[in-house]
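Asks: Provide a 3D model corresponding to the input given below.
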Amino acid sequence: MSNLLETLINDLRPNGGHIFYHYNNKENYIHNVVSFIVTGIKNGDHILLAENDRHMLDINKKLQKELSKGQLENLHFINNYDFYYSNGNFHPHTIVNYFLKNIEPFIEKGASLCSWGLIEWGEDKEINDDVVEYEKQVDSLVKEKGITSVCAYDSKRTSDSLKELLMRCHGVMLTDDEVVYLKQT
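Replies: Predicted coordinates:
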């Protein structure tokens with residue numbers, strides 16, 4: 001998958017793109033997030049990573065083998081719970097503003113930026129509308145700013161109806177073993 005992911009990232013440069021990653025396997029997920037980070041940093045990008053602490057342990061171990069200390073300075077980690085629930089709930093407008101606040105220093109400096117966010121929530125079905133609203137706002141933002149952004153969802157926790165909606169909010173769908181370019185309206 002690394003070569004496929006590397007090709008995808010390079011294909012989306014310099015205009016960026018919005019990628020829906022619907023993953024099945026944690027090991028593949030960790031491998032792909034590491035490939036994304038390494039590819040981006042080797043391209044000179046800063047990486048904003050919203051990830052859970054459990055995954056960060058595995059990600060950091062692998063990154064230590066792939067990147068130098070200096071290169072790792074281009075990786076900016078935010079706990080995904082703090083990122084998506086900074087206001088105490090999943091509120092799309094608040095999250096997008098928080099995202100903008102975090103990327104603005106890089107944009108102002110003219111730095112190239114990529115982002116990866118693992119989106120997790122409980123069993124609250126009512127949050128689906130908020131997730132879709134958030135994804136629509138992010139889609140518009142990444143196009144405007146030329147950012148390559150991955151929004152990752154565990155397939156075991158994502159209903160078929162939400163998956164269908166998410167496919168409409170992204171230009172690309174990534175699974176553990178394939179890339180699908182989605183037709184957007």
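
Asks: Tell me which residues of stretch 168-185 come out buried.
Replies: Judged by neighbour count (16 or more other C-beta atoms under 10 Å), stretch 168-185 contains these buried residues: Cys169, His170, Gly171, Val172, Met173, Leu174, Thr175, Asp176, Val179. All C-beta spots, glycine's among them, are computed from the backbone N, C-alpha and C.

Asks: With stretch 132-143 instead?
Replies: For stretch 132-143, burial by neighbour count (16+ other C-beta under 10 Å) applies to Val132, Glu133, Tyr134, Glu135, Lys136, Gln137, Val138, Asp139, Leu141, Val142.

Asks: one step back: kindly indicate which of the buried residues of stretch 168-185 lies nearest Ile30.
Replies: Distance to Ile30, by C-beta to C-beta, is smallest for Asp176 among these, at 11.0 Å.

Asks: Contact partners for Val172?
Replies: By C-beta atoms under 8 Å, 6 or more residues apart in numbering, the residues touching Val172 are Leu8, Leu12, Gly17, His18, Ile19, Phe20, Val179, Val180, Tyr181, Leu182.

Asks: Centre of the chain to stretch 25-45, how far?
Replies: 11 Å (C-alpha atoms, centre = their mean, to the nearest Å).

Asks: picking up where we left off before, can I get the buried residues of stretch 132-143 in TSV with pLDDT and secondary structure?
Replies: Output for the buried residues of stretch 132-143, formatted as TSV (pLDDT from 0 to 100; DSSP: H, G, I helix; E, B strand; the rest coil):
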residue	pLDDT	secondary structure
Val132	88	helix
Glu133	91	helix
Tyr134	91	helix
Glu135	92	helix
Lys136	93	helix
Gln137	93	helix
Val138	93	helix
Asp139	93	helix
Leu141	91	helix
Val142	91	helix
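
Asks: what's the average pLDDT for stretch 61-75?
Replies: Across stretch 61-75, the average pLDDT comes to 97.

Asks: Tell me which residues of it come out buried.
Replies: Judged by neighbour count using 16+ other C-beta under 10 Å, the buried positions of stretch 61-75 are Lys62, Leu63, Leu67, Asn74, Leu75.
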